[in-house]
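Visitor: show me how the following folds:
(4 chains)
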Number of protein chains: 2
Amino acid sequence: MRMGEGVEWGLHCCLALAWLEDDEPVPTATLAAWFGLPPAYLNKRLQALVRAGILSSTAGARGGFRLARPPERITLMDVVTAIEGRDDVFRCTEIRQRAEEEETAELIQEFQRPCGVASAMRRAELAWRRELAGQSVADLMAAAPPGAADRNRRRYTRTSR
Amino acid sequence: MRMGEGVEWGLHCCLALAWLEDDEPVPTATLAAWFGLPPAYLNKRLQALVRAGILSSTAGARGGFRLARPPERITLMDVVTAIEGRDDVFRCTEIRQRAEEEETAELIQEFQRPCGVASAMRRAELAWRRELAGQSVADLMAAAPPGAADRNRRRYTRTSR
DNA sequence: GGACTTCTACTCGGATAGTGAGTGTCCGAGTCCCGCCGG
DNA sequence: CCGGCGGGACTCGGACACTCACTATCCGAGTAGAAGTCC
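Guide: Numbers count the residues shown, from 1 in each chain, chains lettered A, B, ... in the order given. Predicted coordinates:
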């Protein structure tokens, strides 16, 4: 089980865009150059963030991506679900029901209750999601070293010409 | 991102074995029949649980698997790590360092600190793992409907001939 | 000189191949049980 | 009748194909801006 790289990419891109505090959009190629990523594939991931309403895209010359809302309102949970999808990590396939067994009333009633294993796994997953939802991109900005924002802006003015 | 089916299989098998409260080992074929699973592949997963010390295996006729320790001491975390591996779900590939940039002393110092994005993701993952470690197979047994244990035993005596 | 038109270059966006982990299956090594044989 | 022995069947365990999601790439549609042209 491993999380796709797109989440890391998306978060770092959101962080970089947030630091710019700029209305001018940043194209995929620039972001890809900053992080050494394949531009076309990074673009595909940023599209997912657009569909989720986290970024907004501008076509044409001088186009690119920018944050669609302030960093305080972008949680890690938003980015993760935008890129990895809404599905649960643990998916119950109801193997408890697959046994060839006579369907007693007791059994039928039990199978209407949620699977205990699935419930336990879901509880853990909710703790994970809660922790993700509790941290915003703004929190990441605050936790970063002091010079990070300035360096990000310098890098922007250097590469965006 | 999705968790392998083996976790669900492993947990249900542990649960079934725990309910038997029996020293007599249960072969893979029996467990597979109970849950409608491919026997050979289930066996492969149970081997992982043996390597992790959760189950113990007995070869030969009347052989099979049994719990290696009491259900109270088998946590969901144990089963998940046994089957999915010890690696973190989120893996930081340090894309922040990939930009072609002059290596100032400030940068070098910053890159020695852990990546902020990775730290945040790790925090969430620890919450997940903590929740998993807080629940044991015995807890699952307690949370199950009253008749589950008896029915499991009946199914055992019916199929184990 | 100014405004309209055309053209170009640049951007996003979705459709199209390649790859690795996860899934599924098979056969061999080892072990225990049962029946047979000899005492 | 009892103990030892051999055969056989059953089990686990690791080695071998297959599938799907993730990764990666390309090209087309659309747009903004700039250059050129006409009034």
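
Visitor: how about the CA coordinates for stretch A:101-110, as CSV?
Guide: Taking Å, rounded to 0.1, in the frame of the first residue of the first chain, the C-alpha atoms of stretch A:101-110 are listed here in CSV:
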residue,chain,number,x,y,z
GLU,A,101,-24.5,-21.3,4.6
GLU,A,102,-28.2,-21.7,5.2
GLU,A,103,-29.7,-18.3,5.6
THR,A,104,-31.2,-18.3,9.1
ALA,A,105,-33.1,-15.3,10.3
GLU,A,106,-30.3,-14.8,12.8
LEU,A,107,-27.7,-14.6,10.0
ILE,A,108,-29.8,-12.3,7.9
GLN,A,109,-30.2,-9.9,10.8
GLU,A,110,-26.5,-10.0,11.5
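
Visitor: and for it, what's in contact with it?
Guide: Residues from elsewhere that reach stretch A:101-110 (Cβ atoms under 8 Å, 6 or more residues apart in numbering or on different chains): B:Pro145, B:Gly147, B:Ala148, B:Arg151, B:Arg155. Placement of C-beta: from N, CA and C, glycine included.

Visitor: could I get the contacting residues of the third one?
Guide: In this structure, B:Ala148 makes contact with A:Glu110, B:Trp19, B:Met141, judged by Cβ under 8 Å, 6+ apart.

Visitor: ranking those by neighbours, who comes first?
Guide: For those, the largest number of neighbours (other Cβ atoms under 10 Å in any protein chain shown) sits with B:Trp19, at 20 neighbours.

Visitor: could I get the contacts of stretch A:101-110 as TSV with secondary structure?
Guide: As requested, those are exported to TSV (DSSP: H, G, I helix; E, B strand; the rest coil):
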residue	secondary structure
B:Pro145	coil
B:Gly147	coil
B:Ala148	helix
B:Arg151	helix
B:Arg155	helix
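
Visitor: which of those residues are buried?
Guide: Listed as buried from the contacts of stretch A:101-110 are B:Ala148, B:Arg151, B:Arg155; burial here means 16 or more other Cβ atoms under 10 Å in any protein chain shown.

Visitor: between these, which sits nearest DNA strand D?
Guide: B:Arg155 (15.9 Å; Cβ to the nearest atom of the strand).

Visitor: the closest one and A:Gly85: what is the separation?
Guide: Using Cβ to Cβ, to the nearest Å, B:Arg155 is found at 36 Å from A:Gly85.

Visitor: what of A:Gly147?
Guide: For A:Gly147 relative to A:Gly85 (Cβ to Cβ), the value is 36 Å.

Visitor: looking at it, A:Ala133 is touching A:Met77, isn't it?
Guide: Yes. Between A:Ala133 and A:Met77 there is a contact under Cβ atoms under 8 Å: 4.0 Å.

Visitor: for the longest helix along chain A, what is the distance to the chain centroid?
Guide: Counting residues, the longest helix found in chain A (DSSP state H) is helix A:116-133. On the basis of Cα atoms, centre = their mean, to the nearest Å, helix A:116-133 sits 17 Å off its chain's mean C-alpha point.

Visitor: between it and helix B:116-133, how big is the angle?
Guide: 150 degrees (axes from the mean of the first three to the mean of the last three Cα atoms, to 10 degrees).

Visitor: contact partners of helix A:116-133?
Guide: A:75-77, A:80, A:88-90, A:92, A:96, B:7-8, B:11-12, B:15, B:76, B:121, B:123-125, B:127-132, B:135, B:139-140, B:143-144.

Visitor: tell me which residues of stretch A:137-147 come out buried.
Guide: For stretch A:137-147, using 16+ other Cβ under 10 Å, the buried residues are A:Val137, A:Ala138, A:Asp139, A:Leu140, A:Met141, A:Ala144.

Visitor: ditto for stretch A:116-135
Guide: A:116-118, A:120-122, A:124-125, A:127-129, A:131-132, A:135.

Visitor: and the helix or strand bottoming out on mean pLDDT in chain A, how far from the chain's centre?
Guide: Scoring the helices and strands of chain A by mean pLDDT, DSSP states H and E places helix A:105-112 at the bottom, with a mean of 79. Relative to its chain's centre, helix A:105-112 lies at 38 Å (Cα atoms, centre = their mean).

Visitor: show me where chain A has strands.
Guide: A:55-58, A:64-67 (DSSP state E).

Visitor: just curious, which of the contacts of stretch A:101-110 is nearest to B:Met3?
Guide: Proximity of the contacts of stretch A:101-110 to B:Met3 (Cβ to Cβ) peaks at B:Ala148, which lies at 23.7 Å.
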